[in-house]
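# structure of the sequence below:
(2 chains, ligands or ions: 1)
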Amino acid sequence: MVYLCESSLEGIFCGVYAVYADRQPLSDCRLSLREDYEPELFCSYKEIPLDPSKAEKVAKKIRNHMSMDAYRALSRAALHKSPERADQILRFIALGLSAGRRIMQMLKEPAVYEIFRMDQYVKNEAHFLVEFSRFWKQPSGLYCGTIGPENDVLELVASHFADRFPDMDWALCDERRKKAALHTSSGALAICTGITEEESRLFDKNIAADCYIKLWKTFFQTIAIEERKNPRCQRNMLPLRYRKYMTEFQP
Amino acid sequence: MVFDERLTIEQKLKILSAAAKYDVACTSSGVERKGKRGYVGNAESGGICHSFSSDGRCISLLKILFTNQCIHDCKYCINRCSNDVVRTAFTPDEVCALTMEFYRRNYIEGLFLSSGILYNPDYTMELLYRTIWKLRNEHRFRGYIHVKAIPGADPALIEKVGFLTDRMSVNLELPTADGLKKLCPGKSREKILRPMRQIQTGISENKNELTLYRSAPSFVPAGQSTQMIVGATPENDFQMLSVAEALYQRFGLKRVFYSAFVPVVPDKSLPVPVGGPPLLREHRLYQADWLLRFYGFEAGELLTEERPNFNVLLDPKCDWAVRHLERFPIEVMTADYPSLLRVPGLGVRSAKRIIMARRTGRLEFADLKKFGVVLKRAAYFLTCQGKMMAPVRLEENYITSRLIGEERKKTCEFENASSFRQLSLFDDMHLEAAPAPSDARKALFGEL
Ligand code: SF4
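All right, here's what the predicted structure looks like:
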């Protein structure tokens, strides 16, 4: 039996709830994301609607029976790009229900290792974006930036900037997922989905409008030591895919 | 000396960042500070890199000199008073504007402000103090600030600066008093060590005070660092490393940085390094420094009077291990943490993971690989449940030649030693993504 759930953490937890409610042997079940699912022959599937109260029951079980660390790891793993993430979360929870508080130590178990690996990957990308995201200042005073992450890390990154720039108007757009974090100088942070073409044009950099862009490029160039030039090392430290969004690498 | 009053801010930035680039410290680690309404900025204890320049070094701070004018004539320095270059100076407001505006665009973590000595040490230190004061009080900046303490400046001024900054540093420059005398006529060992001692005392008194009154202002909370130039004077690696060890132990330093000598001004008392700056040597010093700080090694274990220089072909940890084969192999299921840390191919994180995971099950070599252990190196020194991974001869020459083959394959490493991201603490992370870049970093985004 294939269970199809929504792709958010809550949606996945609802899927887990449904699998357990049916009391089927786990080896016969698979939890997949509805948005990625392609119907297979001879395979029965069931769509699981979102129900916050059921998701909360699962979340509570994880926090109380396993640990807060386990819960945090799962919430970040749910942001991973892998289409298998729902099923992996299910396997982890299944093991955690019997292992309890020891679950995070059981790195040797594939179910735990997979979540560990996904969590690590998501954290790393979020950290890269904390480092490499760039804002520019619009004439209106709004600081805005664009990112294109592999994983759905916008909220993680935005929470860092919300702490760092509590009184600033800023916006950070995930152009892949068409969503943006908007922060106002009053301290409010909101995530907007379904950003349109027109709205996203707001984020296009206007170099002439912000004189610090040029100053930063100057600094970036003069700070390098010619005698130590090492583009390969630079590439290892700063993966190429981030450069297209970074002021100092833009024409 | 040409002092030009009419330079634009961009021209000043160009001159005063080029003059600061030989200082290697660019880390923003060591202090954790949450943001606060009414202020701009926060700080993360692991530090944050924001970019990497074309030499592969991390850019974390706006690294500039306040002025490149200087009364001294240190022979290796581009700012020495006898060098004919354009001189300029920022104003405190210019430094504040650049810092704040770069910070708001997420270009930097904060400011690293150093300076040539204008008129005298007090005058210069006062200027730095005024700049930082404005940044903290008028611009309400809560990001990272690193300020150079000017040797010879009034201790009262240094103390005032210490209460506004996160990190301070005084550069030792050359490891021995002799070297210093030869290349820096205006400086002396005592003059450099005095502010270092003052900052150390200040930090430890402040720690006591903070345990009594939690709201007491903090003094240089991210600790102090220093820098030594590698290869401008004839000291060997053992001398350099012993000095570093003494600085960690006796002056409580947070970091010692090493900077491969780059000849920028020709002088007959300076060597001309063949084949460019001594980057491999610099890299070995960083590796060994890491072993001192995180792996429980002592300088005397890695080098001796008889063997005063690092092995060119092997990193210091492998080099130590092949000379101590009587201690190996050790058993993964039972070895204690300090012994695990001494195994080549194992780092701080992988050793911790092993200790955690072995409580809940027996480990195999395949598990170790998942934990980030570099088996190509570790395999010669470990057993899992009593068995080696493959039959090996525990024999120095054999293992050495295998490890050297491995070392050659490692790519960019030694060419760039000063960015901490790829140093041995982290080269055990072979997960699917590159390791996240921070020095001993805590779990990111703990609250979700
Ligand atoms: S004191 Fe020496 S090293 Fe420092 S800026 Fe002046 S000349 Fe250069």
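# contacting residues for the closest residue to B:Met196 other than its chain neighbours?
Using Cβ to Cβ, 6 or more residues apart in numbering or on different chains and skipping the chain neighbours, the partner closest in space to B:Met196 is B:Val170 (4.9 Å). No exception for glycine: its C-beta is placed from N, CA and C like everyone else's. By Cβ atoms under 8 Å, 6 or more residues apart in numbering or on different chains, B:Val170 lies in contact with B:Lys148, B:Ala149, B:Pro151, B:Ile192, B:Pro195, B:Met196, B:Ile199, B:Gln224, B:Thr226.
# now do the second one, the pLDDT please.
Right, the one you point to is B:Ala149. Predicted confidence (pLDDT) at B:Ala149: the value is 95.
# can you tell me how far it is from the ligand?
To the ligand, B:Ala149 is 12 Å away according to Cβ to the nearest ligand atom, to the nearest Å.
# correct me, but that residue touches B:Ser169?
Yes. Counting by Cβ atoms under 8 Å, B:Ala149 does reach B:Ser169; the two are 7.0 Å apart.
# any stretches of chain B with poor pLDDT?
B:1-5, B:406-448 (pLDDT under 70).
# the ligand contacts on that one?
Applying Cβ under 6 Å from any ligand atom, one finds that chain B approaches the ligand through B:Cys70, B:His72, B:Cys74, B:Cys77, B:Asn79, B:Arg80, B:Gly116, B:Ile117, B:Cys184.
# run the last query once more with 5 Å
Contact residues, chain B versus the ligand (Cβ under 5 Å from any ligand atom): B:Cys70, B:His72, B:Cys74, B:Cys77, B:Asn79, B:Arg80, B:Gly116.
# redo those as TSV? Include secondary structure and neighbour count.
TSV is the format used below for the residues of chain B next to the ligand (DSSP: H, G, I helix; E, B strand; the rest coil; neighbours: other Cβ atoms under 10 Å in any protein chain shown):
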residue	secondary structure	neighbour count
B:Cys70	coil	23
B:His72	coil	15
B:Cys74	coil	20
B:Cys77	coil	21
B:Asn79	coil	24
B:Arg80	coil	21
B:Gly116	coil	24
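# residue 105: neighbour count?
No chain specified, so I'll use chain A. Counted with other Cβ atoms under 10 Å in any protein chain shown, the neighbours of A:Gln105 add up to 18.
# could you do chain B instead?
By other Cβ under 10 Å, the residues close to B:Arg105 number 22.
# roughly how far does it sit from the ligand?
From B:Arg105 to the ligand the distance is 29 Å (Cβ to the nearest ligand atom).
# with adjacent residues omitted, what lies nearest to the residue in the stretch 251-400 of chain B that the ligand sits nearest to?
Residue nearest to the ligand within the stretch 251-400 of chain B: B:Val265 (9.9 Å; Cβ to the nearest ligand atom). Once flanking residues are discounted, B:Val265 sits nearest to B:Asn83: 5.4 Å by Cβ to Cβ, 6+ apart.
# what is the burial count for the one you found?
Around B:Asn83 there are 16 other residues, counting by other Cβ under 10 Å.
# same check on the one 4 residues further on?
Using other Cβ under 10 Å, B:Arg87 has 22 other residues around it.
# ramachandran coordinates for it?
The phi and psi values for B:Arg87, taken as degrees, to the nearest 10, are phi -110, psi 140.
# ditto for B:Ala232
The phi/psi pair for B:Ala232 (degrees, to the nearest 10) is phi -90, psi -20.
# for A:Glu84, same thing?
Main-chain torsions, A:Glu84, degrees, to the nearest 10: phi -80, psi 0.
# I'd like to know how far it sits from chain B.
In this view, A:Glu84 and chain B are 14 Å apart by Cβ to the nearest Cβ, to the nearest Å.
# near chain A, which residues of the stretch 201-350 of chain B show up?
Taking Cβ under 8 Å from any Cβ of the partner chain as the contact definition, the stretch 201-350 of chain B meets chain A at B:Ala260, B:Val262, B:Gly276, B:Pro277, B:Leu279.
# list only buried entries from those.
Neighbour-count burial within those applies to B:Ala260, B:Val262, B:Pro277, B:Leu279; the criterion is 16 or more other Cβ atoms under 10 Å in any protein chain shown.
# in strands, which of those appear?
Among these, the members found in strands (DSSP state E) are B:Ala260.
# rewinding a little: is it true that the residue of the stretch 251-400 of chain B closest to the ligand touches B:Lys75?
Yes. Contact criterion Cβ under 8 Å: B:Val265 and B:Lys75 qualify, at 7.4 Å.
# how about the helices in chain A?
According to DSSP state H, chain A carries its helices in the segments A:9-21, A:52-61, A:68-77, A:85-99, A:110-132, A:154-164, A:197-201, A:212-222, A:231-237, A:240-243.
# dump these to TSV, plus mean pLDDT.
As requested, the helices of chain A are exported to TSV (pLDDT from 0 to 100):
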stretch	mean pLDDT
helix A:9-21	96
helix A:52-61	96
helix A:68-77	96
helix A:85-99	96
helix A:110-132	95
helix A:154-164	97
helix A:197-201	84
helix A:212-222	96
helix A:231-237	87
helix A:240-243	92
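# next, give me the two most distant ones among the residues of chain B next to the ligand.
B:Cys74 and B:Gly116 (10.0 Å; Cβ to Cβ).
# write the PyMOL selection for whichever of the contacts of B:Val170 are buried.
The PyMOL selection below is limited to those of the contacts of B:Val170 classed as buried (16+ other Cβ under 10 Å):
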select buried, chain B and resi 148+149+151+192+195+196+199+224+226
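# quick check: chain neighbours aside, which residue is closest to whatever residue of the stretch 101-250 of chain A ends up closest to chain B?
At 3.1 Å from chain B, A:Cys233 is the closest residue in the stretch 101-250 of chain A, using Cβ to the nearest Cβ. Ranked by Cβ to Cβ, 6+ apart and with sequence neighbours excluded, the top spatial neighbour of A:Cys233 is B:Gly56, at 3.1 Å.
# quick one, phi psi at that neighbour?
phi 80, psi 0.
# state the distance from it to B:Ile404.
24 Å (Cβ to Cβ, to the nearest Å).
# what comes up buried for the longest helix that chain B contains?
Assignment by DSSP H gives helix B:189-212 as the longest helix of chain B. Using 16+ other Cβ under 10 Å as the test for burial, helix B:189-212 gives B:Ile192, B:Leu193, B:Arg194, B:Pro195, B:Met196, B:Gln198, B:Ile199, B:Gln200, B:Gly202, B:Ile203, B:Asn206.
# if we can go back for a sec, over to the residue nearest to B:Val265. Which of the three states is it?
Secondary structure, DSSP: H, G, I helix; E, B strand; the rest coil: B:Asn83 is coil.
# neighbours of residue 28, how many?
Picking chain A for this. For A:Asp28, the number of neighbouring residues by other Cβ under 10 Å comes to 9.
# ah, I was thinking of chain B
B:Ser28, neighbours per other Cβ under 10 Å, totals 31.
# what about the residue nearest to it when sequence neighbours are not counted, how many neighbours?
For B:Ser28, ignoring the flanking residues on the chain, the nearest one in space by Cβ to Cβ, 6+ apart is B:Glu109 at 3.8 Å. Number of residues near B:Glu109 (other Cβ under 10 Å) recorded here: 31.
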